[in-house]
Every structure is written in structure tokens, then in C-alpha cells.
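[1] can't give you the sequence, but here's the structure:
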């Protein structure tokens, strides 16, 4: 773990070795969040769309239609930024960076990591998959992003020290 400060707020970042779940790919070209049917378990309030599914045109010109819609379980985001369409015809889930930016989030990328920031809080992180050079975001409910959200309140050096001691099993 490492601690990074921003405007006197401490953020705890967990290394990719802690986050084993391989989540959706961060996509700057996707017009929305698009998940495979295998990723439904990462969403809440999933509903079947029937004939009202969203139609998306793929780069090869083919069109596909969503069958379900769900919500990302990230309370810091407005509803419109949480909406995910589920497509049985795609092979990898995609997270739309534009959908986060439209919700007034800032998304930072570097060689190894990415962060989605709302206000002064990191609300999602991703790690770069060095085999395909893409960034994967862990959107599962039981993940290191929940650790980051819970530790965004480490506002003093004393709280950071106490947090590290607790992580290592030492008394605070």
C-alpha cells in the first residue's frame, strides 16, 4: 500500500497484487458502460429491457441490442453515471470514461494505474494489464475500491499511522 496526499486528504492505494478481480476495461471511446452477461453479479437493480434495449453500433458496423440494465454500486456517482447496459453479444465489459467525465469526475491515467476522482475522493481505481496494455477497473462489490472509499477519511498523519498499524495487526 502507498499513501498519496491531495488537498490535505490522504488516499490509500492498494497494489494490484491485492486486487485479483479483473474487471471491465476502461474505454474512452465507449458511449456508455457496457457489461457482458457474466458481469451482472457486479450490479444492483438489474432489470430486463425487453424490446426497449439500447442499440449500439460496433466498429465493424454490426449492431447489437442490450437485454438488461443495472446500476453500479458506487454511491458517490449520480444515477446517470451508474447506468450499465448488458449485452450478451460482447466478450469484454467496458466502462465508459466519458460517462464518468459527464458526471464531473476526473480520470487520471499513468503507466500502471488509473483513478476516477469525484470531488476530492478517489472512487474507483484500475490497474493496467501489461499483456494487452489496457486498464481494468474492479467494479465488484467486494474489492479494493471499497477499501479506498473507506480510507478516504484519513485526514491526519495520526489517522494514517493508526490505519497502517491496524493493517499490520499492531495496536493503535
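    Great, that's in hand. Note that this is a predicted model, so its numbers are computed, not measured.
[2] Ramachandran angles for residue 85?
    phi -100, psi 140 (degrees, to the nearest 10).
[3] so how far is residue 126 from it?
    20 Å (C-beta to C-beta, to the nearest Å). The C-beta positions use only the backbone N, C-alpha and C, and glycine is treated the same way.
[4] And these two? Which one has more around it.
    residue 126 (26 against 21; other C-beta atoms under 10 Å).
[5] which SSE is that one in?
    strand 121-129 (DSSP states H and E).
[6] repeat for residue 99
    Per DSSP H and E: helix 97-102 holds residue 99.
[7] Could you give me the buried positions within the next helix or strand after the strand holding residue 126?
    Next helix or strand after strand 121-129 toward the C-terminus (DSSP H and E): strand 134-137. Applying a neighbour-count criterion of 16 or more other C-beta atoms under 10 Å, the buried positions in strand 134-137 are 135-137.
[8] cool, and stretch 68-77?
    Buried, per 16+ other C-beta under 10 Å, within stretch 68-77: 68-72, 74, 76-77.
[9] circling back: what is the helix holding residue 99 packed up against?
    Packing partners of helix 97-102 (3 or more C-beta pairs under 8 Å, 6 or more residues apart in numbering; DSSP states H and E): helix 79-82, strand 105-109.
[10] would you list the ones you listed in a markdown table and tack on mean neighbour count?
    Listed next are these as a markdown table, based on neighbours: other C-beta atoms under 10 Å:
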| stretch | mean neighbour count |
| --- | --- |
| helix 79-82 | 14 |
| strand 105-109 | 15 |
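[11] Lowest mean pLDDT across those, which one is that?
    When those are compared on average pLDDT, helix 79-82 comes out lowest at a mean of 90.
[12] coming back round to it: among the buried residues of stretch 68-77, which ones are in strands?
    Within these, residues falling in strands by DSSP state E are 68-72.
[13] tell me the helices in the protein, going along the chain?
    Applying DSSP state H to the chain gives helices spanning 79-82, 97-102, 144-150, 157-167.
[14] which of the residues in stretch 82-97 are buried?
    82-87, 90, 92-97.
[15] So which residues make contact with that stretch?
    23-28, 30-40, 43, 46, 49, 53-54, 56, 64-74, 107, 137, 139 (C-beta atoms under 8 Å, 6 or more residues apart in numbering).
[16] isn't residue 124 right next to residue 139, touching?
    Yes - under the criterion of C-beta atoms under 8 Å, residue 124 makes contact with residue 139 at 7.3 Å.
[17] Who has more neighbours out of these two?
    residue 124 (26 against 23).
[18] re the thing from before, flag whichever of the helices of the chain has the least confidence on average.
    Minimum mean pLDDT among these: helix 144-150, a mean of 45.
[19] pLDDT score for the nearest residue to residue 81 once chain neighbours are set aside?
    Using C-beta to C-beta, 6 or more residues apart in numbering and skipping residues adjacent in sequence, the residue nearest residue 81 is residue 103, 3.5 Å away. What the model reports as pLDDT for residue 103 is 92.
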